[in-house]
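Colleague: Model the following, please.
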Amino acid sequence: MMHPSSILSYFPKYSLLDEVIARNQYHKLIIYIDLKNCLKGIYVKDIVVSILESSNSTRFIDTSVFSSLISFIAYHKMYAYKRGVSIDFIIFFEMGTSSYHQNIDKNYKRSRKLDDFFGLEREKRERFTEILQANFQLIEQACNRMPNIKVIRIPRLEADFVPYYLITRNLTSNDEKTAHIIFSSDHDMWQTISEHCYVYFRSAKMKTIIKRNEALTKYIKSETKYPDEYIPLALSIIGDTGDDVYGISGIGPKGFLQVIDEFVKIFGNMKNIYDKIEKGEELFKGIETENKILTTIIEAESKNKTISNNLKLVSFELLSRALDSPNSTEMIEKKKHIENIMKTFNIAKRESMVSALERNGVFLEGNSIDFIYI
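Modeller: Coordinates of the predicted model:
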């Protein structure tokens, strides 16, 4: 049996969580889990092969993904119990291609579809996809019946914006004694960071809590006086190659630093930029400049709407606004789905949950289910 942390690799040291609580003597933690991002193990060949072999040896599919998540939640539940704070979990992930993003740019995340998946034959790739989907379905159905856990699984809409949307639209606890911690290694999550919202960032080189007024500096690897709200602008200009969002050719972090002052002089803040994009207005109408980098950006925007389109792709605020005032039945349904999940509380008793899981071949190790029901 694989250790849960080999699949879901985001078990932080308690000292990192203590660091957050100590900042404001928080009474409550809300942990947001970017599920597919945190499941690093499903992108490791040995683990994939092990899951496939395990599923072939019994009449039940391998539920290591589900079990790893339960262990992860139990780990944090025990932490909260020891520290005398309350804790909630919001797990978010999508299914299918995001129609919102595809309508803006067909190439969005296109390269991720071209992975040959370790050279495994088609039959094994398809089988592994079936196993993952079964685990995701189990996570959605079971965890939404467990205390203090919400699972938001969105069809055909990228789910990265969920923490931002829930926090800024007051769909979750939002007082000064509640700390929000997002578990993800995606840089776009950093735009959600605020006074009481943090990101637990884990990479091969570091494990750290990223706090307010640190994110933009870390992203461009240089000190700046500007707040983290400008991260989407940096992503739109520099680009986000991991998501196939291509910025302005030849402009990197240093170029961004040379042009940010001009943007602030022209627009004042990001809200004004978003307002113009939302209204379909020209961003740089009537703007003249001697800044060569800004001239390049203006030309790219004039020809291809590069900045406007890139901001639509990377900005959680613009996507949140699209949900605030949905213009299609599809978006109306997605908004209702998120709201319904957040306001529905239908918790199964511990004994009923254990029985239901065992009927489906899920036998959790140790006393993790007991911790879930603390």
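Colleague: gap between stretch 67-80 and the chain center?
Modeller: How far stretch 67-80 lies from its chain's middle: 19 Å, per C-alpha atoms, centre = their mean, to the nearest Å.
Colleague: Select the longest strand from the chain.
Modeller: As assigned by DSSP state E, the longest strand anywhere in the chain is strand 86-95.
Colleague: who does the helix or strand following it touch, helix- and strand-wise?
Modeller: Next along the chain after strand 86-95, taking DSSP states H and E as the criterion, comes helix 99-104. Under the contact criterion of 3 or more C-beta pairs under 8 Å, 6 or more residues apart in numbering; DSSP states H and E, helix 99-104 touches helix 306-314. No exception for glycine: its C-beta is placed from N, CA and C like everyone else's.
Colleague: So, low pLDDT: which residues of the stretch 1-150 of the chain?
Modeller: Applying pLDDT under 70 to the stretch 1-150 of the chain flags residues 1-5, 57-59, 112-116.
Colleague: Swap in 80 and give it another go.
Modeller: Across the stretch 1-150 of the chain, the ranges flagged by pLDDT under 80 are 1-5, 9, 56-60, 110-119.
Colleague: Report the residue ranges of every domain in this protein.
Modeller: 1-212+349-374, 219-343 (automatic domain parsing).
Colleague: Make TSV out of those domains and add mean neighbour count.
Modeller: Putting these into TSV (neighbours: other C-beta atoms under 10 Å) gives the following:
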stretch	mean neighbour count
domain 1-212+349-374	17
domain 219-343	17
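Colleague: re earlier: helices or strands next to the longest strand of the chain in the packing?
Modeller: Under the contact definition 3+ C-beta pairs under 8 Å, 6+ apart, strand 86-95 sits against strand 28-34, helix 35-38, helix 64-83, helix 122-143, strand 149-155, helix 162-168.
Colleague: just how off-centre is stretch 194-205 within its chain?
Modeller: 12 Å.
Colleague: which other residues reach it?
Modeller: The contact list for stretch 194-205, computed with C-beta atoms under 8 Å, 6 or more residues apart in numbering, reads 9-10, 12, 16, 20, 24, 26, 163, 167, 174, 176, 178-185, 189-190, 192-193, 207-212, 215, 228.
Colleague: Stretch 347-364 now?
Modeller: Contacts for stretch 347-364 (C-beta under 8 Å, 6+ apart): 58-61, 63, 66-67, 70, 138, 142, 145-147, 369-370, 373.
Colleague: related to what we said a few turns ago, what's the angle between the longest strand of the chain and strand 149-155?
Modeller: Interaxial angle, strand 86-95 versus strand 149-155 (axes from the mean of the first three to the mean of the last three C-alpha atoms, to 10 degrees): 10 degrees.
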